[in-house]
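> got a predicted structure plus its sequence, pasted below:
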Amino acid sequence: MGGAQSRRSGPPTERKIDRRLTTLIAAVYPDERRRPGYAKLAQEIRETTGRAISGTYLWELATGKKSNVTLDHLEALAEFFGVPTEYFVNNEVADKVDGQLALVSALRDAQVRHLALRAHGLSPASLDALLAMVEEVRRLQDLTGTDGKGIPRPSAAPDFGAQHPQH
């Protein structure tokens, strides 16, 4: 009894797949209004990778309803989203990829790109001062969702609303 309970209450890898999958979906489809439903996404994955996966299965993975993923499905998801398969099972790899996704997400904003380009060439001391100012403004605006290095985390799980498949 104790083993089953501790498996449910702990953070096993399987419980993280839903968050990692939704992070990838949000990174590839940042505009929530243009995100495909799970059936369409499954079709895109099948067409891109040649591996079979259903919209229902994707929905179940993304919502945490299912966590027993086959290696073939992990490989298909990794190939489609352009991440290493280890992203889904290794915290260190996931943290590194999530940092890269956060950077890509931030650089989509023209003003962020402009700020980064204008900061290029400043002395290390000036960059530290600029970073301190940005962190203080983030704190004042209650934007605490960073990775500890000041890089905003990717947006939370995408909301597909009523687009989940019918059983």
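Cool, the structure landed.
> low-scoring stretches of the protein, by residue?
For the chain, the stretches with pLDDT under 70 are 1-15, 144-167.
> now do the helices in it.
Along the chain, counting by DSSP state H, helices occupy 2-9, 13-28, 38-49, 55-62, 71-81, 91-107, 110-119, 124-140.
> okay, the ones you listed, which one's buried deepest?
Across those, the average number of neighbours (mean count of other CB atoms under 10 Å) peaks for helix 55-62, which reaches a mean of 21. Glycine gets a C-beta too; all of them are placed from N, C-alpha and C.
> output it as CSV - backbone C-alpha positions only.
C-alpha atoms of helix 55-62 as CSV (Å, rounded to 0.1, in the frame of the first residue of the first chain):
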residue,chain,number,x,y,z
GLY,A,55,-5.5,13.0,-31.1
THR,A,56,-7.2,11.3,-28.1
TYR,A,57,-3.9,9.9,-26.9
LEU,A,58,-2.2,13.4,-27.2
TRP,A,59,-5.1,14.9,-25.2
GLU,A,60,-4.7,12.3,-22.6
LEU,A,61,-1.0,12.9,-22.3
ALA,A,62,-1.3,16.7,-22.3
